[in-house]
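*Asks:* need coordinates for the below:
(chains A and B)
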Protein chains: 2
Amino acid sequence: MLPDPLQNLIFALERLPGIGPKTASRLAFYLLRAPDELVNSLAEALAGLKAQIVFCEECFNITAAGRRRCEICDDPRRDASLLCVVEEPLDVLALERVGAFQGKYHVLHGLLSPIEGIGPDDLKIAPLLDRVAAGGVREVILATNPSMEGDATALYLQKQLQPLGVQVTRLARGLPVGGDLEYADQNTLLRALTGRQEMR
Amino acid sequence: MLPDPLQNLIFALERLPGIGPKTASRLAFYLLRAPDELVNSLAEALAGLKAQIVFCEECFNITAAGRRRCEICDDPRRDASLLCVVEEPLDVLALERVGAFQGKYHVLHGLLSPIEGIGPDDLKIAPLLDRVAAGGVREVILATNPSMEGDATALYLQKQLQPLGVQVTRLARGLPVGGDLEYADQNTLLRALTGRQEMR
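*Replies:* Numbering: from 1, shown residues only, chains lettered A, B, ... in the order given. The predicted structure is shown next:
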């Protein structure tokens, strides 16, 4: 029914996460009427994406092609004795936005998930252990998501890291700032209660 | 903070309707990890889109480049005396999916909207009047959306079409099939009541 070029675009859009057949059609028709400049910039950004982005050899965060290490790893002002372990590059971005962390990162590129068949070898865990074993790291902050998979991954990492004689910490759990106690789920409330802190 | 190629893609994605900064980041990072084949097919579909899609000279529905008229206009089995007027090509698709309409279409490419500065000259209204004036059309079904703008456009078209001696109809309004009377809004319920039909 639809001309092929449009149908191909709809099929390609449908394969993106969170985009169903209806949204894909809507986007495709929008692009059909959008300025050439928008469509072209999108096509070009996509075409160049893979070739122009590489992973940092040290922390596996993303960085521009041509660099071996990312900007953070190359920055001598960052504290190399403090390592923050995250699931994906987006998490690095979120933490950098806070601006309170002065250490370095390590990106796992996933979480352990037996259901999805993701084991330790599928993540950047061996390079993390190598980094810590090489010395100079005082504390490893496990900043994986506060989810079942995030917790399981943190637990696994803790067991691997402990023998290396490094301090292992986990991000605090509790009520989100600006949240409402009344609407907090039971687990969060329990965590907030057991993790309560003395006011000084 | 982010490498330029990734940031460019996020900026481009953000400009699409219904995609905010967070969704744009998520999509961009997904594409970074997605198979090359998906990214390439998306880039190619976008690059070829504008050049390969044209509008039918008769009904202004979309069609593949190289054709002057769309498949429906070219189909001798379709009833040319019955014209269904819709806002956009997606509406043609929706009606074709039903499979109950055997006439031809006319795509307005928008609705009248004084607030957005869209007047009759911005839509394909003149070609519609020309088509009807040329003769051979018995009935014009106004299938614009049952919204304020859709109704206003239908009313305007009705006034323009009436002098041409053609029958002008509008799609029925009422309770959606499978819907729940209890949850229907007042306007829909009012329409369903005033438009009630005798059971035979």
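*Asks:* got the contact list for the longest strand seen in chain A?
*Replies:* Under DSSP state E, the strand in chain A containing the largest number of residues is strand A:79-86. When contacts are defined by C-beta atoms under 8 Å, 6 or more residues apart in numbering or on different chains, strand A:79-86 is touched by residues A:92, A:95, A:101-108, A:128, A:131-132, A:136-144, A:157. Any C-beta I mention is one placed from the backbone N, CA and C, and that applies to glycine too.
*Asks:* which PyMOL command selects the buried ones in these?
*Replies:* Buried members of the contacts of strand A:79-86, defined by 16 or more other C-beta atoms under 10 Å in any protein chain shown, are picked up in PyMOL with:
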select buried, chain A and resi 92+95+101+103+104+105+106+107+108+128+131+132+137+140+141+142+143+144+157
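*Asks:* filter the contacts of strand A:79-86 by proximity to chain B?
*Replies:* When these are checked against chain B using C-beta under 8 Å from any C-beta of the partner chain, none falls in range.
*Asks:* circling back to that earlier point, what's downstream of the longest strand of chain A, the next helix or strand?
*Replies:* The helix or strand immediately downstream of strand A:79-86 is helix A:89-98, counting by DSSP states H and E.
*Asks:* and the strands in chain A?
*Replies:* A:53-55, A:62-64, A:79-86, A:103-107, A:139-142, A:167-170.
*Asks:* pLDDT of the longest strand of chain A, averaged?
*Replies:* Averaged across strand A:79-86, the pLDDT comes to 94.
*Asks:* same check, this time on stretch A:12-31
*Replies:* Mean predicted confidence for stretch A:12-31 is 91.
*Asks:* any idea how chain A splits into domains?
*Replies:* Using automatic domain parsing, the domain parsing of chain A gives A:4-51, A:77-200.
*Asks:* tell me the contacts of the most centrally placed residue in chain A?
*Replies:* Nearest residue to the geometric centre of chain A (C-alpha atoms, centre = their mean): A:E88, 2.1 Å. Going by C-beta under 8 Å, 6+ apart, A:E88 touches A:107-110, B:29.
*Asks:* list the buried residues for the helix or strand bottoming out on mean pLDDT in chain A?
*Replies:* Within chain A, no helix or strand scores below helix A:186-194, which has a mean of 80 by mean pLDDT, DSSP states H and E. Across helix A:186-194, burial judged by 16+ other C-beta under 10 Å covers A:188, A:191-192.
*Asks:* closest to chain B among those?
*Replies:* Nearest to chain B among those: A:T188, at 21.5 Å, using C-beta to the nearest C-beta.
*Asks:* what's the burial count for the nearest residue to that closest one once chain neighbours are set aside?
*Replies:* Nearest residue to A:T188, sequence neighbours excluded (C-beta to C-beta, 6 or more residues apart in numbering or on different chains): A:L175, at 6.5 Å. Number of residues near A:L175 (other C-beta atoms under 10 Å in any protein chain shown) recorded here: 15.
*Asks:* can I assume A:L175 is in contact with A:A192?
*Replies:* Yes. Contact criterion C-beta atoms under 8 Å: A:L175 and A:A192 qualify, at 4.8 Å.
*Asks:* next, show the common contact partners of these two.
*Replies:* A:A184.
*Asks:* output the contacting helices and strands for the longest helix anywhere in chain A.
*Replies:* If you go by DSSP state H, chain A has its longest helix at helix A:36-52. Contact here means 3 or more C-beta pairs under 8 Å, 6 or more residues apart in numbering or on different chains; DSSP states H and E; on that basis helix A:36-52 packs against helix A:21-33, helix B:4-14, helix B:21-33, helix B:36-52.
*Asks:* what residues does the second one touch?
*Replies:* The one in question is helix B:4-14. A:38, A:41-42, A:44-46, A:48-49, A:52-53, A:62, A:64, B:2, B:19-21, B:23-25, B:27-29, B:31-32.
*Asks:* that concludes my questions; thank you for your assistance.
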